[in-house]
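S.K.: Model the structure of this input:
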Amino acid sequence: MKKAVLLIAALVVFGGFAFGQASVGAWGRGLFTVYGGGDDVMGTAQASWGGAPRIGVTISGTSDNVGFQADMNSDGTGSVSLGDQSKIWVKPFDMMTVSLGRIFDDTLRGNAVFGAWNWVRYGDMDGEDAIFPRVGQSGGGPQSNFEIAIAPVEGAYIFLATQHILGSGVTAQELAAVGQYGAGYTIEGIGQIRVQYVGENNFRNFDLTDTSGSGYINGAFKLTMIDGLTVDLGAFYWMECPDQTLNQFKVALYASYVMDALTIHVYGDMLMYDESHVGDDLAFGGALGIDYSLEGGIGINADFRYNNDIKAGQKDGSVSGMVGVTKGFSNGLIGLGIEITTGTFSGIGDAGKSSVGDMIFAVPIRLEYFF
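M.R.: Reported below is the predicted structural model:
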């Protein structure tokens, strides 16, 4: 398998030299983390989200009307596996793109990514898709298998996608149930408005026979009219899903402000759950982050976060914080950080602490590349 991948990569590289249409790219991140909270201090190798360090390669080909992309990972497991995307796309007209396979579409996506998201993530933190989930990864489900994207006029974008159809036929009703449909429009000089419907019941449990839920509606507005300032506000409304523990309504806001070498990040959200599950109390959380760039490729990251007891899923909520320093190079970086939380860490869990609410720590050494 490895030999086959290397051969394909070589052919793509030389083919790209010859025809200028194919390319090989790569991104990966790994952390060696020393952590503790119980009786012992431990060490592990991991990715930010847990699991093995990410060693990724992307092979793609592009022409005016046809292209493909294949992402592959070799995450220290001794084998090569499918990555985020593996798709064919065709543009029958200038304004339309049809894609089939394992698909992500980030065109309208709204994230809240900063601080510990790029180091060892806290177990209860928000980040990607916090404001407006991308096509293909909503609610933690598998990627879309088919998408039609249309850009009819400048600033407008419409998508119709469905998923979970590989290897078996589905009825028209089932096809609609697993769909994700939406649109966005960029108002020049002001910002961008987006709206979508996501068949979340099937994104979550992948059961085509489950008709108890009818998904959620998501809308967002991104303000960009002030130089250096971006404010992205999203709202989610879930349809009735009586047999699932679901939040019924959510509002989330992410803002960033860039001042020369300094970037300030702010995030907050509020969630209202089905009263039959947790009563009428609100879940909420907030975060503040800072990035600062120094000469010589040195960067400083810091964040502080709080989630109340309902959102954190533990008594008295959770408090988390981190500081990290990185040294950047032309195709990557190395960094050292220190993180603390009264909750959990991705991949590490509660670090063996003796009781809920105790503080645990992580000291990651971060290596990252991009080509």
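S.K.: tell me which element the closest residue to A116 other than its chain neighbours falls in.
M.R.: Nearest non-adjacent residue to A116, counting by C-beta to C-beta, 6 or more residues apart in numbering: M322, 4.7 Å away. To be clear about C-beta, it is placed using only N, CA and C from the backbone, and glycine gets the same treatment. Using DSSP states H and E, M322 sits within strand 318-329.
S.K.: From the chain's centroid, how far away is that strand?
M.R.: Its chain's C-alpha centre lies 19 Å from the corresponding centre of strand 318-329 when counted by C-alpha atoms, centre = their mean, to the nearest Å.
S.K.: Ok, stretch 124-141 next?
M.R.: So, by C-alpha atoms, centre = their mean, the centroid of stretch 124-141 is 6 Å from its chain's centroid.
S.K.: bridging residues for the residue nearest to A116?
M.R.: Here M322 sits in beta bridges with D303, E339, going by DSSP bridges.
S.K.: can you map out the strands along the stretch 151-300 of the chain?
M.R.: Ranges of strands within the stretch 151-300 of the chain are 156-163, 180-187, 191-198, 216-223, 229-238, 247-259, 262-273, 282-293, 298-307, based on DSSP state E, counting those that start in this stretch.
S.K.: how far off strand 216-223 does the second one point, in degrees?
M.R.: Which is strand 180-187. Orientation of strand 180-187 against strand 216-223 (axes from the mean of the first three to the mean of the last three C-alpha atoms, to 10 degrees) gives an angle of 20 degrees.
S.K.: Can I get strand 180-187 as PDB, trimmed to CA atoms?
M.R.: Presented in PDB, the C-alpha positions along strand 180-187 are these (Å, rounded to 0.1, in the frame of the first residue of the first chain):
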ATOM      1  CA  GLN A 180     -27.700  19.700   3.900                       C
ATOM      2  CA  TYR A 181     -29.100  22.700   1.900                       C
ATOM      3  CA  GLY A 182     -28.100  26.300   2.200                       C
ATOM      4  CA  ALA A 183     -27.000  29.600   0.700                       C
ATOM      5  CA  GLY A 184     -24.900  32.700   1.400                       C
ATOM      6  CA  TYR A 185     -24.600  36.200   0.100                       C
ATOM      7  CA  THR A 186     -21.700  38.600   0.600                       C
ATOM      8  CA  ILE A 187     -22.800  42.300   0.800                       C
END
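S.K.: Strand 191-198 and that strand, what's the angle between them?
M.R.: 170 degrees.
S.K.: Tell me which residues are up against strand 180-187.
M.R.: Residues external to strand 180-187 that are found in contact with it (C-beta atoms under 8 Å, 6 or more residues apart in numbering): 107-108, 135-136, 138, 144, 155-163, 192-199, 218.
S.K.: middle-most residue in this structure, spatially?
M.R.: E128 (3.3 Å; C-alpha atoms, centre = their mean).
S.K.: How about that one: what's its closest non-neighbour residue?
M.R.: Per C-beta to C-beta, 6+ apart, closest to E128 is N111, 5.0 Å.
S.K.: show me what contacts E339?
M.R.: Contacts here follow C-beta under 8 Å, 6+ apart; on that basis E339 touches 116, 119-120, 122, 320-322, 345, 361-364.
S.K.: mind running it again at 6 Å?
M.R.: 116, 120, 322, 362 (C-beta atoms under 6 Å, 6 or more residues apart in numbering).
S.K.: about what we covered before: would you list the phi and psi of the residue nearest to E128?
M.R.: With angles defined as degrees, to the nearest 10, N111 sits at phi -110, psi 170.
S.K.: Please report the number of neighbouring residues for it.
M.R.: Neighbour count of N111, defined by other C-beta atoms under 10 Å: 18.
S.K.: how near is it to G127?
M.R.: Distance, N111 to G127, by C-beta to C-beta, to the nearest Å: 7 Å.
S.K.: thinking again about what came up before, including neighbour count, distance to V251 and secondary structure, could the contacts of E339 go into a markdown table?
M.R.: A markdown table is the format used below for the contacts of E339 (neighbours: other C-beta atoms under 10 Å; distance: C-beta to C-beta, whole Å; DSSP: H, G, I helix; E, B strand; the rest coil):
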| residue | neighbour count | distance to V251 | secondary structure |
| --- | --- | --- | --- |
| A116 | 29 | 23 | helix |
| V120 | 28 | 28 | coil |
| M322 | 24 | 26 | strand |
| A362 | 28 | 30 | strand |
